[in-house]
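A.B. asks: generate coordinates for the sequence data below:
(4 chains)
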Protein chains: 4
Amino acid sequence: MRYVSIIGASGYTGVELVRLVTGHPDFSLRSLVAGQNAGKAYSEIYPAYRYLPLPEMIDMKAFDPSESDLAFCALPHGTSQQIIATLAGRCKIVDLSADFRLDNPAHYEQWYGLEHAAPELQKHAVYGLTEFYRDAIRSADLVACTGCNVAAGLYPLLPLVDRKLIATDRIIVDIKTGVSGAGRSARIAMLHAEISEGCQAYNIESHRHLAEFDQELGKAVGHDVRVTFTPHLVPQNRGILATIYVEGDTGHIHKALEERYLAEPFVTVLPMGQHASTRDVRGTNQVLIGVVPDRIPGRTKLVSVLDNLVKGASGQAVQNANLMLGCDEKSGLDRSALIP
Amino acid sequence: MRYVSIIGASGYTGVELVRLVTGHPDFSLRSLVAGQNAGKAYSEIYPAYRYLPLPEMIDMKAFDPSESDLAFCALPHGTSQQIIATLAGRCKIVDLSADFRLDNPAHYEQWYGLEHAAPELQKHAVYGLTEFYRDAIRSADLVACTGCNVAAGLYPLLPLVDRKLIATDRIIVDIKTGVSGAGRSARIAMLHAEISEGCQAYNIESHRHLAEFDQELGKAVGHDVRVTFTPHLVPQNRGILATIYVEGDTGHIHKALEERYLAEPFVTVLPMGQHASTRDVRGTNQVLIGVVPDRIPGRTKLVSVLDNLVKGASGQAVQNANLMLGCDEKSGLDRSALIP
Amino acid sequence: MRYVSIIGASGYTGVELVRLVTGHPDFSLRSLVAGQNAGKAYSEIYPAYRYLPLPEMIDMKAFDPSESDLAFCALPHGTSQQIIATLAGRCKIVDLSADFRLDNPAHYEQWYGLEHAAPELQKHAVYGLTEFYRDAIRSADLVACTGCNVAAGLYPLLPLVDRKLIATDRIIVDIKTGVSGAGRSARIAMLHAEISEGCQAYNIESHRHLAEFDQELGKAVGHDVRVTFTPHLVPQNRGILATIYVEGDTGHIHKALEERYLAEPFVTVLPMGQHASTRDVRGTNQVLIGVVPDRIPGRTKLVSVLDNLVKGASGQAVQNANLMLGCDEKSGLDRSALIP
Amino acid sequence: MRYVSIIGASGYTGVELVRLVTGHPDFSLRSLVAGQNAGKAYSEIYPAYRYLPLPEMIDMKAFDPSESDLAFCALPHGTSQQIIATLAGRCKIVDLSADFRLDNPAHYEQWYGLEHAAPELQKHAVYGLTEFYRDAIRSADLVACTGCNVAAGLYPLLPLVDRKLIATDRIIVDIKTGVSGAGRSARIAMLHAEISEGCQAYNIESHRHLAEFDQELGKAVGHDVRVTFTPHLVPQNRGILATIYVEGDTGHIHKALEERYLAEPFVTVLPMGQHASTRDVRGTNQVLIGVVPDRIPGRTKLVSVLDNLVKGASGQAVQNANLMLGCDEKSGLDRSALIP
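C.D. replies: Have a look, this model is predicted:
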């Protein structure tokens, strides 16, 4: 049994970690760490979890990393790096924030507008896109999970740019995402009365997630790649659908993706022409990729769906933790979707 | 390992049975039986289940009950009794329809407007409100699951009428229910564009579920009891909230319910004055009961919540099947709620 | 043309007033007063209103009441009384808050927990339930609009208690309400991710709206009347449905309500046995009342629906303003529902 | 006063026509024609319209076109052409279906898979994109309204291809649309329980709306233009958001669109960099166009929003009818959005 703790337990990725960790056959939940909610029972925040024998939430000062084999850090970026700086070397860490995703501290400063508090750690952190960094993750002490929108884009794109099957200067990524990605904080823009019956783009000129796209696509290709990227908010809680427009032969693209992911338990390439709904992956750690020819020869549409709180965050984090702790990579990640 | 089959697999209680059975440690899914969908892969109806190694759907003629220890029957009432008439004695059966809930064939005919096709079976069927018929269910060959709205009412009420703690001629049950209870059939009234942004009562003068209330409350009290009952449709997929107005001492009521359900794994009485949201039980087999004093002395409000597709249907069915097949009653029913 | 202003223009009742006033043939919008949003264009808060030639929002200090015939005050209770204390006598006022609804300052203090800042004004304010205080409203300088939940209850109940057609000690009011009633303020509990797919009761032991019920029912009957009252939050933006359980002859009740409201343009009694959805009144100033016999003789269900932002707040306010300013009571209130 | 009738009154574009026509100062509603609902009161289908003094629905045989100046035809394609063939020459007609949008009968047959029943009429019909065919519409007897998704694409694109400001072989149109566009027919795929909490693409390889894009862009450019087009269904009732990726100078694009639409009452170009939500146009006849530079120089994002039932269908129809009947083009189309 591995002992794991969750830092930042009261947010949406935190509660999703609680769901996954408490249902995990190899993990035992040690501590729940929260900021202003420290001292409360977890069920005060999430009454649905009153049945689980959960520890009371504690604050960071009371947290002893030596009692855990691994800590999940589900804090906002900026805060996360400061907490992790104090934990490094005392337990393994899976970070769900953006703080350790970028190799280059200068890029971090450029995109996030603040100097990194732990640049040394940043260099050693491993990028958490499991299917592409599996070996490095196994031996890592600090893994930085991929952002949810980026994951929805990279799964279909990376094998294609790697094999030079698509024009790297012609990639357009159009994202539709639910509201839980915005987190559990009090904001007027996220009220039910502001979200329902409405769809809109956001961060349309530039989005911090682009830093990750640039980094990972660039590594795969060997030179700078820039994608056009537009995220949209749709009135649902969970789920990301990425529609990606590329130039390249549809048949070759489909074959390459099928081959690349054939052995992957959490990435599935659908039969040619099929594509999925975000409902199909709600609550699961799956990515589904559809490949569809455009009516214009030489153009292909890629449609990927994932649950932003699972494969886009907490499920990805558990998958990485499984590797870091020597468990079966799939352990605790076999839940089916809740339909309807 | 027990072999179980699902008849009527393509509806919402059917897919919920697939979710629960495929995650059940003691059950193996033998057959999926469907009507017009026979011959299709299950994932054609529910693409979210394409990962599961499910059998192809077959039609009733191809179903061999001798290969299953138990069959779940998730068909509409009327149809269910005809199918079950052909299966009786060949495997154990848990029926989710209303066809075998009423002891008295005359009552069935009165409420459902048709002569019962299997009156003998109807007499032998055991009512599936597990916590009240546990012993009979253990040895039953045919169990008729309680209706979802009725379950939400009976859990708080039965222990109180049984102990004469409330006035039996003063019970008002006001139900708020999601749309999945209406099933997966093509009806204009259930379109998204007809349901969202709206709340309404339905079957307001009288509702077939009252036959069950009458029967079970009458049995508990020893004489006829009639409740006032109003179901309302609210724009959500899952969940029932019952607000029940009774006359009786709030303290005694709370104590009696706490005692009655103390040892029950799936019924929880909240601390005095607390009550829950349907979100708190979404996807779980739990019933949560709140007891709150009214400002008028001598009156008490009972607030119960359950997931109509789990404790109100498929979870209840699995709980009963566990008893009928000699498994741990809780087996396969430990899923946490999906939040948000 | 009458000049009207809106104080508290950036909340949901404020924007609904903007919609109604800008579409009103007899009103001209003079000033939009806001607190922290002062200095902004209205379309910064509500981009949907960018087409309208609206004045820039100003703060209270810049507001000159002598330029308006009437001011709508759409502020939170507590704040409202302080603002109105400074305006009284300088223009007519329609207040949408709870501050001037209770005749008795002691009752205000008891229910709202604070001493009233303008007790003299409170005594002179007229209660804004138009159909019952029409004459007093015509000559009033300050009208306090009825609370939305209370209006849904009083329309069906007042004519019945007045005519002694129902038992006044047996009234139960079960309310289902959308989220816009909670206002446009940043609260975690009102996030889309916290509201969708969930239904719950709130303020279940006692609710401030009861003070209004007590006052108005008591006035109608001539002695104290206490109702049992439970509000529930349902996942929709607009709309209140009140299910009211009473004891009394259904036929007499239906006839009495039909007669009472026959000449009323905004209150409709449906044919016996029919009842409506909140969708049927979305965006309109209508109240629809259904009268349905219970299966238990001598009991009757009343089902009323209204749009909490229109007849429950801003539409009611315009209806009252029409009377106070000598316009046709129906002026500007003829919009049809938006379906779907 | 002009007399107008609505054929196909019971669908969603039909009820939206009822809303707009009954609020129109210059129109008087003559007949409501329905198929299987003939003989019913309109309020049996749409109880929200019980206040309006509407004629009973009649069937087509009882409809006398000589009593109307103009008929709106809100029927499904295929049926529409057959009905219109019998009406032509007897009153003016605005058709909301796809039947008369394509100039070329061969294109109709190719895209819709059936021979056109009224090819002569098809040739004379005027395309209903008001801002581009205003003069022809004024004198037309038959106008074919633009499809909702196409309108969302053509408003931003037509002025740009016309002025050669963008590369015509590099246009990608990504559509997010609500469910009311699918109409009011009983389909499992459109149930609330199938739509909420889900986002998906549909008709992804090719969509009949492309025929209109091809025709109108081709006419504007003078040679064949093919766009890449992907529609997506999002869980809301009304609203279309089109994100359009083009290559061209953002400044020139913004300026050209601003100039083109400066005098148009129903098309607004937002300040550079701004873009809107579908909520901003809900219930209105407005199109809002945002122009945003991509981070990749030389690329521009266009974001347009409209209400599919208003500017995308019934509002556009009324706008065209205003021109055909000699009324002010804006008459009856001044409703503000319902917020929230």
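A.B. asks: got a pLDDT number for the closest residue to chain B within the stretch 151-300 of chain A?
C.D. replies: For the stretch 151-300 of chain A and chain B, the shortest gap (C-beta to the nearest C-beta) falls at A:Asp280, measuring 4.2 Å. (C-beta placed from N, C-alpha, C; glycine too.) A:Asp280 is assigned a pLDDT of 96 by the prediction.
A.B. asks: pretty sure it sits in a helix.
C.D. replies: Yes: per DSSP: H, G, I helix; E, B strand; the rest coil, A:Asp280 lies within a helix segment.
A.B. asks: tell me the contacts of it?
C.D. replies: Residues near A:Asp280 by C-beta atoms under 8 Å, 6 or more residues apart in numbering or on different chains: A:Gln286, A:Leu288, A:Val305, A:Ala337, B:Pro47, B:Ala48, B:Arg50.
A.B. asks: take the residues you listed and keep only those in helices.
C.D. replies: Residues of the contacts of A:Asp280 located in helices (DSSP state H): none.
A.B. asks: ok, which pair from the residues you listed is furthest apart?
C.D. replies: Largest separation among those by C-beta to C-beta: A:Val305 and B:Arg50, giving 12.4 Å.
A.B. asks: pLDDT and neighbour count added to the contacts of A:Asp280, as JSON lines?
C.D. replies: JSON lines is the format used below for these (pLDDT from 0 to 100; neighbours: other C-beta atoms under 10 Å in any protein chain shown):
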{"residue": "A:Gln286", "pLDDT": "97", "neighbour count": "25"}
{"residue": "A:Leu288", "pLDDT": "97", "neighbour count": "27"}
{"residue": "A:Val305", "pLDDT": "98", "neighbour count": "28"}
{"residue": "A:Ala337", "pLDDT": "91", "neighbour count": "23"}
{"residue": "B:Pro47", "pLDDT": "91", "neighbour count": "21"}
{"residue": "B:Ala48", "pLDDT": "92", "neighbour count": "25"}
{"residue": "B:Arg50", "pLDDT": "89", "neighbour count": "18"}
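A.B. asks: spell out which residues of chain A are next to chain C.
C.D. replies: A:12, A:179-180, A:184-188, A:190-197, A:235-237 (C-beta under 8 Å from any C-beta of the partner chain).
A.B. asks: narrow the contacts of A:Asp280 to those in strands?
C.D. replies: Counting by DSSP state E, these place A:Leu288, A:Val305 in strands.
A.B. asks: which one of the contacts of A:Asp280 is nearest C:Ala106?
C.D. replies: Among these, and counting by C-beta to C-beta, the member closest to C:Ala106 is A:Ala337, at 56.6 Å.
A.B. asks: isn't that closest one right up against B:Ala48?
C.D. replies: Yes: contact criterion C-beta atoms under 8 Å: A:Ala337 and B:Ala48 qualify, at 3.9 Å.
A.B. asks: which outside residues touch stretch A:208-218?
C.D. replies: Counting by C-beta under 8 Å, 6+ apart, A:98, A:101-104, A:107-108, A:110-112, A:127, A:129, A:132, A:146-147, A:149-150, A:153-154, A:157-158, A:161, A:168, A:173, A:224-227, A:229, A:231, D:295 sit against stretch A:208-218.
A.B. asks: and what of stretch A:39-49?
C.D. replies: A:9-10, A:15, A:18, A:32, A:34, A:37, A:50, A:52, A:54-59, B:276-277, B:279-282, B:284, B:336-337, B:339.
A.B. asks: filter those residues to the buried ones?
C.D. replies: Neighbour counting with 16 or more other C-beta atoms under 10 Å in any protein chain shown marks A:9-10, A:15, A:18, A:32, A:34, A:37, A:50, A:52, A:54, A:57-58, B:276-277, B:279-282, B:284, B:336-337, B:339 as buried within the contacts of stretch A:39-49.
A.B. asks: which ones among the contacts of stretch A:39-49 lie within strands?
C.D. replies: Per DSSP E, those map to strands at A:Leu32, A:Met57, A:Ile58.
A.B. asks: now tabulate those in TSV and tack on distance to B:Glu329 and pLDDT.
C.D. replies: Below are the ones in strands among the contacts of stretch A:39-49 laid out as TSV (distance: C-beta to C-beta, whole Å; pLDDT from 0 to 100):
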residue	distance to B:Glu329	pLDDT
A:Leu32	29	98
A:Met57	32	97
A:Ile58	35	97
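A.B. asks: in TSV: the residues you listed, plus distance to chain D.
C.D. replies: Shown next, in TSV, are the ones in strands among the contacts of stretch A:39-49 (distance: C-beta to the nearest C-beta, whole Å):
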residue	distance to chain D
A:Leu32	27
A:Met57	29
A:Ile58	34
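A.B. asks: so of the residues of chain A next to chain C, which ones are in helices?
C.D. replies: Secondary-structure check on those using DSSP H: residues within helices are A:Tyr12, A:His192, A:Ala193, A:Glu194, A:Ile195.
A.B. asks: out of the residues you listed, who's the most crowded?
C.D. replies: The residue in these with the most neighbours, by other C-beta atoms under 10 Å in any protein chain shown, is A:Ile195 (29 neighbours).
A.B. asks: what's the nearest residue to it if we skip its chain neighbours?
C.D. replies: C:His192 (4.0 Å; C-beta to C-beta, 6 or more residues apart in numbering or on different chains).
A.B. asks: would you agree that neighbour is in contact with A:Ser196?
C.D. replies: Yes: counting by C-beta under 8 Å, A:Ser196 is a contact partner of C:His192 at 6.6 Å.
A.B. asks: flag every buried residue along stretch A:240-257.
C.D. replies: Of the residues in stretch A:240-257, those buried (16+ other C-beta under 10 Å) are A:240-250, A:253-254, A:256-257.
A.B. asks: how about the contacts made by A:Cys199?
C.D. replies: A:Cys199 neighbours (C-beta under 8 Å, 6+ apart): A:His232, A:Leu233, A:Val234, A:Pro235, D:Lys176, D:Gly178, D:Val234, D:Gln236, D:Gly239, D:Leu241, D:Ser277, D:Thr278.
A.B. asks: make that A:Gly198, sorry
C.D. replies: Contacts of A:Gly198 (C-beta under 8 Å, 6+ apart): A:Pro235, D:Gln236, D:Gly239, D:Ser277, D:Thr278, D:Arg279, D:Arg282.
A.B. asks: in contact with the third one, which residues are there?
C.D. replies: Taking C-beta under 8 Å, 6+ apart as the contact definition, D:Gly239 lies against A:197-199, D:177-178, D:278-279, D:281-282, D:305-308.
A.B. asks: need the residues touching each of C:His192 and A:Ser196.
C.D. replies: By C-beta under 8 Å, 6+ apart, the residues touching both C:His192 and A:Ser196 are A:Pro235.
A.B. asks: and the gap between the closest residue to chain B within the stretch 1-150 of chain A and A:Phe72?
C.D. replies: With C-beta to the nearest C-beta as the measure, A:Ala48 is the residue of the stretch 1-150 of chain A nearest to chain B, at 3.9 Å. Distance from A:Ala48 to A:Phe72, counting by C-beta to C-beta, to the nearest Å: 20 Å.
A.B. asks: next one: A:Gln200
C.D. replies: 31 Å.
A.B. asks: those two: who's more crowded?
C.D. replies: Set side by side, A:Gln200 and A:Phe72 show more neighbours around A:Phe72, with 31 against 25, by other C-beta under 10 Å.
A.B. asks: contacting residues for the nearest residue to A:Ile7 once chain neighbours are set aside?
C.D. replies: With sequence-adjacent residues excluded and distances taken as C-beta to C-beta, 6+ apart, A:Ile7 is closest to A:Val33, at 4.2 Å. Applying C-beta under 8 Å, 6+ apart, we find A:Val33 in contact with A:Ser5, A:Ile6, A:Ile7, A:Gly8, A:Ala9, A:Met57, A:Ile58, A:Asp59, A:Met60, A:Ala62, A:Phe63.
A.B. asks: closest to D:Lys301 among these?
C.D. replies: A:Gly8 (33.9 Å).
A.B. asks: what's the burial count for the closest one?
C.D. replies: 25.
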